[in-house]
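Colleague: got a predicted structure here, sequence first:
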Amino acid sequence: SDATPPATRCGFVALIGAPNVGKSTLVNALVGAKVTIVSRKVQTTRALIRGIVIENNAQIILVDTPGIFLPKRRLDRAMVSTAWSGAHDADLVCVLLDAKMGIDDEAEAILTKAANVNHEKILVINKVDLVQREKLLALAQAANERMPFAKTFMISALSGDGVDDIRHTLAEMVPPGPFLYPEDQMSDAPMRQLAAEITREKIYQKLHQELPYQSTVETDKWEERKDKSVRIEQTIFVERESQRKIVLGKGGATIKSIGADSRKELMQILDVPVHLFLFVKVRENWGDDPDRYREMGLEF
Ligand code: GDP
Ligand code: K
Ligand code: MG
């Protein structure tokens, strides 16, 4: 027959934004219940793939990036350069702003760097449920004065308001090309890394004042059981005994809450019951050991 197959599109979309702007929430909302794959980008260790969306013959590969933008320590600087490598490697960049926070120092730093990324950029103002409409328009205008955005969206990733529009637009904007990932692939080797990243993120959320990035997480064990549940064992490494005490918290309260949050997100992604076991160990000076960074997949 002379019917041509439908043209497909496929591309990487980097989500750039400060911690807690809503990147993970947006990924979940874009992907919906169907996290078809969670993996690392092939042949690079730069950024985590958080999810893949298929919409109208387009495969959208969402790349989450470490959300730290005002680095002080060496490790932090490594994470930041990793984040921006992810942005430079991507086909499109979504810059997220928190409607309520507006353009604070961190957002300003992000906008300044995003302006130098040589790809089409989309502005996503998230958490519109928290502010008045006039404030949104002023924020959109202020951000667009700093660089031209191809599109501006005002959404609530939490309620899902506006998320369909973004999905639809991304599907139109990613370049023509074949799908890079099978539609239903799920592999547990990259999942170990993702699981470690998720726990590290929870530590950061709980303790960023007291323990700025002085910890790393490794997944030691990943065991799929007959009842379809997964048993995951992870070790949190810190630099000092005092930090170990902070991570544990009074009567183990902090580690319990970190574990609960991490387990919840892991169950969301894996869609099976998760048994998570966390250990905290002191490993001195890892923060200055380049080998440790390499294990974490950061590039220099
Ligand atoms: P990330 O650090 O950028 O990945 O941010 P998260 O997705 O973890 O979200 C940080 C916090 O913001 C969480 O408590 C979310 O529930 C909340 N959040 C995300 N999107 C929205 C939104 O649209 N509205 C409101 N009110 N809260 C949101
Ligand atoms: K967060
Ligand atoms: Mg996140």
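Modeller: Good, I have the coordinates. Ligands and ions are numbered 1, 2, ... in the order given.
Colleague: can you pull out the low-pLDDT segments for this structure?
Modeller: 1-6, 32-50, 64-86, 182-190, 212-214, 284-300 (pLDDT under 70).
Colleague: in the longest helix seen in it, what's buried?
Modeller: In the chain, with assignment by DSSP state H, the single longest helix is helix 188-207. Neighbour-count burial for helix 188-207 flags 190-204, 206-207 (criterion: 16 or more other Cβ atoms under 10 Å). Quick note: C-beta positions are derived from backbone N, CA and C, even for glycine.
Colleague: now check it, is it near ligand 1?
Modeller: No: using Cβ under 6 Å from any ligand atom, we find that helix 188-207 stays clear of ligand 1, coming within 7.0 Å at best.
Colleague: is ligand 3 contacted by that helix?
Modeller: No: using Cβ under 5 Å from the ion, helix 188-207 never reaches ligand 3; the gap is at least 5.6 Å.
Colleague: beyond that helix, next helix or strand please.
Modeller: strand 215-224 (DSSP states H and E).
Colleague: all strands of this structure, in order?
Modeller: 9-16, 48-55, 58-64, 92-98, 120-126, 151-154, 215-224, 230-238, 274-282 (DSSP state E).
Colleague: and the ones you listed: which comes nearest ligand 1?
Modeller: With Cβ to the nearest ligand atom as the criterion, ligand 1 lies closest to strand 120-126 of these, at 5.0 Å.
Colleague: just checking, what packs against the closest one?
Modeller: Here strand 120-126 touches helix 23-31, strand 92-98, helix 133-146, strand 151-154, helix 163-173, going by 3 or more Cβ pairs under 8 Å, 6 or more residues apart in numbering; DSSP states H and E.
Colleague: right, so those: which one is the most enclosed?
Modeller: Highest mean neighbour count among the helices and strands packed on strand 120-126 (mean count of other Cβ atoms under 10 Å): strand 92-98, with a mean of 25.
Colleague: that one and ligand 3, any residue contact?
Modeller: No: Strand 92-98 stays clear of ligand 3 (Cβ under 5 Å from the ion), getting no nearer than 10.4 Å.
Colleague: what lines up beside that strand in the sheet?
Modeller: Using DSSP bridges, the strands paired with strand 92-98 are strand 9-16 (parallel), strand 120-126 (parallel).
Colleague: hmm, back to that, just send the strands of the chain back as a markdown table, with distance to Gly177 too.
Modeller: Output for the strands of the chain, formatted as a markdown table (distance: least, Cβ to Cβ, whole Å):
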| stretch | distance to Gly177 |
| --- | --- |
| strand 9-16 | 5 |
| strand 48-55 | 14 |
| strand 58-64 | 9 |
| strand 92-98 | 13 |
| strand 120-126 | 16 |
| strand 151-154 | 21 |
| strand 215-224 | 32 |
| strand 230-238 | 33 |
| strand 274-282 | 35 |
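Colleague: since that was my last question, I'll sign off now.
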